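Enquirer: can't give you the sequence, but here's the structure:
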């Protein structure tokens, strides 16, 4: 387990989790990713966190069709880094995803570490705690790519909620299930012995979405309900009221309407430029 600390210069910090882009898959919505990156670039208070699965990373021993990938895993690293170049200076850190980990299990080379190194952000392994100081308010957050979640929405939520059994944080960020959801905050009660009163704490949880359009491919073959790309951002506010640090979190979700064609020509041009 790792620890990350970041102090914002302003009283507002917006975190944009970037996860499940799946570059290299024909179902990757590159336009949706580009639009989201432009949103981050235009946000003076925005910072992004990489949460894994930047590439599709199908290997001979993994799920998926290795011959339908539009890019090889090495080219997926390059393509992902190229897309994130406009916001390179806004990256905080990265963690591991299950797709990138396929490459590590087959070769000993870490896809996610290679991408983080190329982008110049710390690679913090499978999970990390992150402390964000915004103004005079401190937020403890936990980031994990997520685990197997099933098909139904209730199953996806239940999988995410499992982290709350052992993680004490103001916000828990997970993904993997390709849905973008802000869960109902959980209320925890504790004794504040210094002030001799009961302390109430809200623990927020977020499932961070994906850029994968599942109307075709593996989901179609298996008869799964289709999911369109969606991402979220979380705003952390830092302000003082009557001498006490007040905690404020606001979530915004961005969804694709599925009305544009996927940009397969991006992969073709990339292969032409870099060889393959």
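Expert: Yep, it's here. Computed from a predicted model, the values in this text were never measured in an experiment.
Enquirer: Please count neighbours and contacts with C-alpha atoms only from this point.
Expert: Noted.
Enquirer: Tell me the buried residues in the longest strand anywhere in the chain?
Expert: The longest strand of the chain (DSSP state E) is strand 197-210. Neighbour counts over strand 197-210 (16 or more other C-alpha atoms under 10 Å) mark 202, 203, 204, 205, 206, 207, 208, 209, 210 as buried.
Enquirer: Likewise for stretch 3-12?
Expert: 4, 12.
Enquirer: Report the secondary structure state of residue 37.
Expert: helix (DSSP: H, G, I helix; E, B strand; the rest coil).
Enquirer: I'd guessed it sits against residue 85; true?
Expert: No: at 9.4 Å, residue 37 and residue 85 do not qualify as touching, with contact defined as C-alpha atoms under 8 Å.
Enquirer: surely residue 210 meets residue 20?
Expert: Yes: with contact defined as C-alpha under 8 Å, residue 210 reaches residue 20; the gap is 4.7 Å.
Enquirer: what touches both of those two?
Expert: Contact with both residue 210 and residue 20 is made by residues 175, 178, according to C-alpha atoms under 8 Å, 6 or more residues apart in numbering.
Enquirer: residue boundaries of the helices in the chain?
Expert: 30-42, 73-84, 98-107, 111-119, 153-161, 218-222, 264-274 (DSSP state H).
Enquirer: before we move on, the earlier item: the more surrounded of residue 37 and residue 85?
Expert: Per other C-alpha atoms under 10 Å, whichever of residue 37 and residue 85 has more neighbours is residue 37, with 20 against 15.
Enquirer: Neighbours of the nearest residue to residue 116 once chain neighbours are set aside, how many?
Expert: Excluding its sequence neighbours, the residue lying closest to residue 116 (C-alpha to C-alpha, 6 or more residues apart in numbering) is residue 123, at 5.8 Å. By other C-alpha under 10 Å, 21 other residues sit near residue 123.
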